[in-house]
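Enquirer: Fold the following.
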Amino acid sequence: VPSSGSCAGYGVFTGLTPGVSYQYEIRAVDQVGLSPAAATTGTVTPASGAALVLSEALYDGPTATESQSEYLEVFNAGDASANVCAYSLAKNGGAATAVCTGTITVPPGGYAVLAGTSFCDAAVSSCATGAWSLPAGTLLARGSNAAPAAGLTNSPAPTLELKSGSTTVSSMGGTGSCPEGESRTRLNLYAPDVPGAFACKPGTPGAATP
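Expert: Here you go, the predicted model:
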């Protein structure tokens, strides 16, 4: 017996030129090739400029002192550089705190690791076993707290917002938890901020997730 229903989804358009308008058509087709509804059409114009997105959040670090290994990661999905220190972080709708002070420039297609004053990697001799080994040249932005966003928790994972002024430019979290040492990772760096765009993966701060 035929049944009706709906499901949510999203599409990602790549290779588009900023400032140029593109028309698109989306049509649903069932298993026998029938299209039960009219196609959805529209126009999209990719914006020009920087576009920082939250790409990873490590809520439950592998070190005994979790603030030593907790981190967030951002990716610049835009076509212009961005000073990540001009942004702020908010947790669970609370007050936002500056990512860092000064200037740390993330180029297009580049990453930056957002951490606290306690964060350390394997190059720091005082770190506990299990600290991260960051790739050479990793941009590391330290905030004023021991851990990013004044500390991360894993049960449940908080909702995190990256803000430019009062505008939220990217968000993640608030759904489920990940095993120790795994981060909530954006599967497609150009995907929208929806729950299905993230999954638990081994942490790879400062580098693309395999």
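Enquirer: mind checking which helix or strand the residue nearest to residue 200 when sequence neighbours are not counted is in?
Expert: Closest residue in space to residue 200, ignoring its immediate chain neighbours: residue 178 at 3.8 Å, by CB to CB, 6 or more residues apart in numbering. From N, CA and C alone the C-beta is placed, and that goes for glycine too. Under the criterion DSSP states H and E, no helix or strand holds residue 178.
Enquirer: Packing partners of the worst-scoring helix or strand of the chain on mean pLDDT?
Expert: Across the helices and strands of the chain, the lowest-confidence element by mean pLDDT, DSSP states H and E is strand 40-44, at a mean of 73. Identification of packing neighbours for strand 40-44 by 3 or more CB pairs under 8 Å, 6 or more residues apart in numbering; DSSP states H and E yields strand 22-26.
Enquirer: Neighbouring strands of the strand it packs on in the sheet, and parallel or not?
Expert: strand 40-44 (antiparallel) (DSSP bridges).
Enquirer: Name the next helix or strand following the strand it pairs with along the chain.
Expert: Later in the chain than strand 40-44, the nearest helix or strand by DSSP H and E is strand 52-58.
Enquirer: Given that following strand, what are its sheet partners and their directions?
Expert: Paired strands of strand 52-58, with direction, are strand 71-76 (antiparallel), strand 182-186 (antiparallel) (DSSP bridges).
Enquirer: buried set for stretch 74-81?
Expert: 74-79 (16 or more other CB atoms under 10 Å).
Enquirer: Using PDB, list the CA coordinates for that stretch.
Expert: What follows is stretch 74-81, C-alpha atoms only, in PDB (Å, rounded to 0.1, in the frame of the first residue of the first chain):
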ATOM      1  CA  VAL A  74      37.300  26.500  12.400                       C
ATOM      2  CA  PHE A  75      37.600  26.300   8.700                       C
ATOM      3  CA  ASN A  76      37.500  29.200   6.300                       C
ATOM      4  CA  ALA A  77      35.000  28.200   3.600                       C
ATOM      5  CA  GLY A  78      35.100  31.700   2.000                       C
ATOM      6  CA  ASP A  79      37.300  33.300  -0.700                       C
ATOM      7  CA  ALA A  80      38.900  35.900   1.600                       C
ATOM      8  CA  SER A  81      41.100  35.800   4.700                       C
END
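Enquirer: And it, how far out from the chain middle?
Expert: 12 Å (CA atoms, centre = their mean, to the nearest Å).
Enquirer: which residues does residue 173 contact?
Expert: The contact partners of residue 173, by CB atoms under 8 Å, 6 or more residues apart in numbering, come to 57, 59, 157-160, 184.
Enquirer: That's all I had, so thanks and see you.
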